[in-house]
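J.: 3D model of this:
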Amino acid sequence: MRLHVPVRLRWSDFDAYQHVNNAEMLRLLEEARIEAFWATDDPASNSELAVIDGRPGSPTISLIARQEVEYLLPIPYQRTPLDIELWIGRLGGASLQICYEIYSAIPDESEGAPVRSLFAKASSTLVMVDAANGKPQRISDLARTAWAPYVEDQIEFDRR
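T.: Here you go, the predicted structure:
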């Protein structure tokens, strides 16, 4: 099962070649990841996977250990949000791999079946860390239970 997170593009995301800059791609992934996994003060706005407390002072923090992006097509400016699909490719002891596929907007079925474009594939490895001592901390049972239905195969990157 995958989670769909809509992410809007900003003018500042684009470079002189008029497509999303590679550095901005990491921000788009971050935005989708935070929307999907971080709990906020407003429970109504949290997804079913939002079990990481991202507020300042949280006893556990998540740190990026690795990121990889494979660009398949340039992302042009579009007014509709990108559809970022997220799932968990690996759920370890203190780390998890989040996988992403970045698509053009979800097509409106009432207007026919426009082709969705797959712009990029990506993955991020997050390590849960004790904020007080900086050491890896095991993923909680609450998080494992919430995330288990979203575990699928890892992203396959083209290794040419």
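J.: Please give the number of neighbouring residues around Val151.
T.: Val151 has 17 neighbours, counted by other C-beta atoms under 10 Å. Placement of C-beta: from N, CA and C, glycine included.
J.: residue contacts, the residue most central in space within the chain?
T.: Among the residues of the chain, Arg33 comes closest to the average C-alpha position under C-alpha atoms, centre = their mean, at 3.5 Å. With contacts defined as C-beta atoms under 8 Å, 6 or more residues apart in numbering, Arg33 is in contact with Leu86, Ile98, Ser124.
J.: just those now: which is nearest Glu68?
T.: When those are compared for distance to Glu68 (C-beta to C-beta), Ser124 wins out at 8.2 Å.
J.: Does that closest one have any beta-bridge partners, and if so which?
T.: With DSSP bridges as the criterion, the beta-bridge partners of Ser124 are Gln67, Ile98.
J.: Tell me the pLDDT of it.
T.: Per-residue pLDDT puts Ser124 at 97.
J.: Ser62 is in contact with that one, correct?
T.: No - with contacts counted by C-beta atoms under 8 Å, Ser124 stays clear of Ser62, the gap being 9.7 Å.
J.: circling back: for the residue nearest to the centre of the chain, what are phi and psi?
T.: phi -60, psi -40 (degrees, to the nearest 10).
J.: What distance do you get for Leu9 to His19?
T.: Applying C-beta to C-beta, to the nearest Å, the value for Leu9 to His19 is 10 Å.
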